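Have a look at this prediction, sequence included:
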Amino acid sequence: MLANAALALLTGVTALTGVTAPRPFTPAPATLSVLTWNICAGTNAGCALYRLSPAEVAWHVSAYAARVAPDVIFLQESCSSLDRPLEYWLERRTGREWSVRSAWLAARDGTPYPCHPDRFGGPRGAQSVAVAVAGPAPAFRTHALTSPPWYVRRAAVCAVLPALRVNVCGAHLSSGLPGDDGQPGAPYRTRQIGELMAAATVPGHRAVFGGDLNVTPPDGGGASAAGHAAIASAYRAYDECDRRGARRTGRWTHAKPIPGGGVLRRKLDYLFAPRGSVRLCHVEQGVTLSDHGPMYARLAL
């Protein structure tokens, strides 16, 4: 009888302990939403934003950004005069504080590579890459990328987000066309990708980087093996937003008409993030403002 009572008491204590024992607290992961878009605003007469004023370009870009609500935006083929109008329109449309920093491309003599003027002849600054960040102003930094000395010099723009301990970097790499790293082996884009990864690496911080990298994915087919090899190192170390299972590929982000008819569609735009962090990836192929579609990722960090 006493043994049964003791067993019942012990069982009750065990059950009570199981119910009331505190569970370890696991904080929810922080989220970060990132948008990359080659807006084709600088010198390509075939694009809708070509020769629009900085305020007009900012109006269109902010209108799309407001739909997807990013925290960080990477822009390529922007113009340096877009920075302040873009801050204004992003803040007006989203109700958040924004900071924009651009780095202009340089001609071979080191002078800024100009955007074509607007349709009224007004200057629009230099063709540039830009990073926009919502919230308190981050610490921006520009990193030169090794480029063909006879052609346009490229750069990456990075921003440290101290609250998330994240470093974000956007870039637009050499095109791969004749005269711009078109030689066998894609030596400049290979170096640029390595330099972009190095720029994104900050001790104690996680790296998120991307942009128009002007190479096709390793398992995508349809382009040179050199371009595939150039981007493979990023796939080895990070998750790419639109990766398809084991295959290192994704949906097309760039459409180019082919002489004689047809359209060449390729993935040239990327977002890389820490392993296991990608929660959503969207490629907007219906946007007609640019020859590139915007690419958007939601990350849990």
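Received the coordinates, thanks.

all contacts plus neighbour counts: C-alpha atoms, from now on.
OK.

At which residues are the helices of the stretch 201-301 of the chain located?
Under the criterion DSSP state H, counting those that start in this stretch, helices of the stretch 201-301 of the chain are mapped to 225-237.

low pLDDT regions in it?
Using pLDDT under 70 as the threshold, the predicted model of the stretch 201-301 of the chain has low-confidence ranges 221-226.

burial count for the nearest residue to residue 228 once chain neighbours are set aside?
The shortest distance from residue 228 to any residue other than its chain neighbours is 4.2 Å, reached at residue 218 (C-alpha to C-alpha, 6 or more residues apart in numbering). Using other C-alpha atoms under 10 Å, residue 218 has 21 neighbouring residues.

thought residue 218 was touching residue 249?
Yes: look at residue 218 against residue 249 with C-alpha atoms under 8 Å: they come within range, at 6.8 Å.

hmm, back to that, now the residue nearest to residue 228: phi and psi?
Per-residue torsions, residue 218: phi -60, psi -40 (degrees, to the nearest 10).

Contact partners for it?
For residue 218, the set of contacting residues under the criterion of C-alpha atoms under 8 Å, 6 or more residues apart in numbering consists of 225, 227, 228, 229, 231, 232, 248, 249.

Would you mind stating the distance between the fourth one and residue 111?
So the one you mean is residue 229. Counting by C-alpha to C-alpha, to the nearest Å, the gap between residue 229 and residue 111 amounts to 32 Å.

what's the answer for the last one, then?
Taking C-alpha to C-alpha as the measure, residue 249 and residue 111 are separated by 37 Å.

likewise residue 51?
As for residue 51, its distance to residue 111 is 21 Å (criterion: C-alpha to C-alpha).

of those two, who's got more company?
Each of residue 51 and residue 111 has its neighbours counted (other C-alpha under 10 Å); residue 51 has more, 24 against 13.

can I assume that one sits in a helix?
No: membership of residue 51 in a helix is not supported by DSSP: H, G, I helix; E, B strand; the rest coil, which gives coil.

which ones are touching the nearest residue to it once chain neighbours are set aside?
Setting aside the residues directly before and after it, residue 51 is nearest to residue 118 in space (C-alpha to C-alpha, 6+ apart), at 4.0 Å. Going by C-alpha under 8 Å, 6+ apart, residue 118 touches 50, 51, 52, 53, 124.

so what's the backbone phi/psi at the second one?
It refers to residue 51. The phi/psi pair for residue 51 (degrees, to the nearest 10) reads phi 70, psi 10.

pLDDT value on it, please?
Taken from the predicted model, the pLDDT recorded for residue 51 is 98.

The one 10 residues further on too?
At residue 61 the predicted local confidence, pLDDT, stands at 99.

next one: residue 199
According to the model's per-residue confidence, residue 199 sits at a pLDDT of 99.

Look up how far residue 118 lies from it.
For residue 199, the distance to residue 118 (C-alpha to C-alpha) stands at 33 Å.

now swap in residue 40 and tell me
In terms of C-alpha to C-alpha, residue 40 sits 14 Å off from residue 118.

Equivalent analysis for residue 149, please.
With distances defined as C-alpha to C-alpha, the gap from residue 149 to residue 118 amounts to 29 Å.
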